[in-house]
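J.: Below: sequence and its predicted model.
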Amino acid sequence: MDSFFAFLDILIDVVLVCAIVFVLFVWMVGRRLAQTRQQLEQTIKELEMEQLIALTVETDQNQYLCYNAVTKAFVCQGYDLKEIIERFKQRYPDKTAAIYDGNETAVRTLKQQWKELNENNNSVESPS
């Protein structure tokens, strides 16, 4: 009989731990969804106010050609992401851009360059 109560105590402890882990998981997912929703709302607001330009990216030989994804108007071009950012800022100093769609390889390459650029900036700025 004592072993039954010991087993029951362990079972209750396991159920409580599982319940706590589940509640924490739901809380973390809820927080992440709220952050994502807030970012999406901000992006929509910037698009509506024409502060954010969604870019369609195509390639021509060794250059990336960027077009406004909505109006299809040419925005800028460059050999890499740094050059695209520089030329975009020259033309639209008060606006931001986001790669929206286009040539899959070009989009993937530019997003990888963005990731590497951010990683390099973080490692340079962080104390050693």
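T.: That came in fine, so what should we check first?

J.: And the longest helix belonging to the chain, how far out from the chain middle?
T.: In the chain, taking DSSP state H as the definition, the longest helix is helix 2-48. Averaged C-alpha coordinates place helix 2-48 at 22 Å from its chain's average position (C-alpha atoms, centre = their mean, to the nearest Å).

J.: just checking, what packs against it?
T.: strand 52-60 (3 or more C-beta pairs under 8 Å, 6 or more residues apart in numbering; DSSP states H and E). All C-beta spots, glycine's among them, are computed from the backbone N, C-alpha and C.

J.: quick one, the longest helix of the chain and strand 52-60 angle?
T.: Comparing the axes of helix 2-48 and strand 52-60 via axes from the mean of the first three to the mean of the last three C-alpha atoms, to 10 degrees yields an angle of 80 degrees.

J.: lowest-pLDDT helix or strand in this protein?
T.: For the chain, counting by mean pLDDT, DSSP states H and E, helix 104-125 ranks last in confidence among helices and strands (a mean of 75).

J.: List the buried residues for that one?
T.: Neighbour-count burial for helix 104-125, counted by 16 or more other C-beta atoms under 10 Å, picks out 106-107, 109-110, 113.
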